[in-house]
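Peer 1: My questions concern the predicted model and sequence given below.
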Amino acid sequence: MSLSFEPDPSLLEAGHLFGLIGYPLSHSFSQKYFTEKFQREGRKGFAYALFPIPAIEQFPELLEAYPNLRGLNVTIPYKEQVMPFLDELDEGAADIGAVNVIRIEKEKTKGYNSDLFGFERSLLEFLGGRLPEIKQALVLGTGGASKAVLFALRKLQIRPLVVSRDSGKGDLVYEELDPGILRECPLIVNTTPLGMSPEIRTFPNLPYAYLTPDHLLFDLIYNPEETAFLKKGKAAGAQTVNGMGMLYGQAEKAWEIWSAFGLF
């Protein structure tokens with residue numbers, strides 16, 4: 001196979017290479033997180049790089065270009081698109097329908113989902129003692145990031161109502177949201193990229209005037225720390241949390257997946 005990009009010689013020198021695929025990758029924290037982790041733990045020969053591939057069809061080329069790849073994180077827009085390119089799926093990732101971690105061993109790829117672990121842990125901390133009273137939640141967005149959120153909510157016996165811009169993709173469109181629906185759904189989770197840096201002035205088309213101090217807003221976005229979605233919620237008296245806790249949780253789980261079985 002002829003490559004459509006030139007591999008970086010400095011990355012080929014790493015004994016154990018990890019990275020992130022997605023497009024674009026200006027919002028990523030993974031490289032800093034794992035690079036500092038490797039330095040802190042004295043792991044020589046370990047490196048982490050960003051691979052902003054414009055099309056998922058370039059995924060096999062990436063694997064060919066870097067035979068020293070041991071693991072990858074996956075972000076927007078490839079959490080679902082990458083699945084057909086993998087040799088195997090972990091049972092959890094298959095059930096969720098999205099992959100955000102890939103383990104590479106002996107040229108075989110296996111997909112996992114650590115978003116579930118990160119989101120569930122962060123959500124439980126956020127809800128605290130309110131978990132038993134949350135029966136329904138609005139989930140904004142239908143992309144790959146929403147899959148783990150939906151799985152976690154159902155696991156916690158919270159009924160999710162998916163809100164989409166397009167009729168037929170979710171349970172509701174934004175125009176159908178009214179005071180009654182918002183009253184029945186105190187938890188609102190944003191899984192869309194709206195509000196993510198650098199487009200920090202964008203936000204989901206929610207009827208914010210219907211929000212009350214009884215609402216809890218969870219945004220998967222972590223950059224900026226407070227999105228326009230969260231600011232609008234806070235202005236209505238709602239409790240809010242960003243995606244930083246989820247991010248750290250899923251990163252820790254990703255490393256656990258990569259380092260299993262004492263490979264390094």
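Peer 2: Cool, got the structure. Numbering: from 1, shown residues only.

Peer 1: So the chain: which segments form each domain?
Peer 2: According to automatic domain parsing, the chain comprises the domains 9-113, 116-246.

Peer 1: got a markdown table for those domains, with mean neighbour count and distance to W258 too?
Peer 2: Every C-beta, even on glycine, is put in place using the N, C-alpha and C of the backbone. Listed next are these as a markdown table, based on neighbours: other C-beta atoms under 10 Å; distance: least, C-beta to C-beta, whole Å:
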| stretch | mean neighbour count | distance to W258 |
| --- | --- | --- |
| domain 9-113 | 17 | 4 |
| domain 116-246 | 18 | 14 |
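
Peer 1: Tell me which of those domains sits nearest to A254.
Peer 2: Closest to A254 of the domains of the chain, according to C-beta to C-beta: domain 9-113, at 4.6 Å.

Peer 1: got the end-to-end distance for that closest one?
Peer 2: One end of domain 9-113 sits 30 Å from the other (C-alpha to C-alpha, to the nearest Å).

Peer 1: which one of the domains of the chain lies closest to A260?
Peer 2: domain 9-113 (7.9 Å).

Peer 1: so how far is that closest one off the chain centroid?
Peer 2: On the basis of C-alpha atoms, centre = their mean, to the nearest Å, domain 9-113 sits 14 Å off its chain's mean C-alpha point.

Peer 1: cool, stretch 180-188 as well?
Peer 2: 24 Å.

Peer 1: Just the terminal-to-terminal distance for it.
Peer 2: With C-alpha to C-alpha as the measure, stretch 180-188 spans 14 Å from end to end.

Peer 1: pLDDT (mean, whole number) over that stretch?
Peer 2: Average pLDDT, stretch 180-188: 98.

Peer 1: could I get the domains of the chain as CSV with distance to E252?
Peer 2: Below are the domains of the chain laid out as CSV (distance: least, C-beta to C-beta, whole Å):
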stretch, distance to E252
domain 9-113, 10
domain 116-246, 8
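
Peer 1: Please name the nearest non-neighbouring residue to N223.
Peer 2: S197 (4.7 Å; C-beta to C-beta, 6 or more residues apart in numbering).

Peer 1: If anything else comes up later, I'll come back, but that's it for now.
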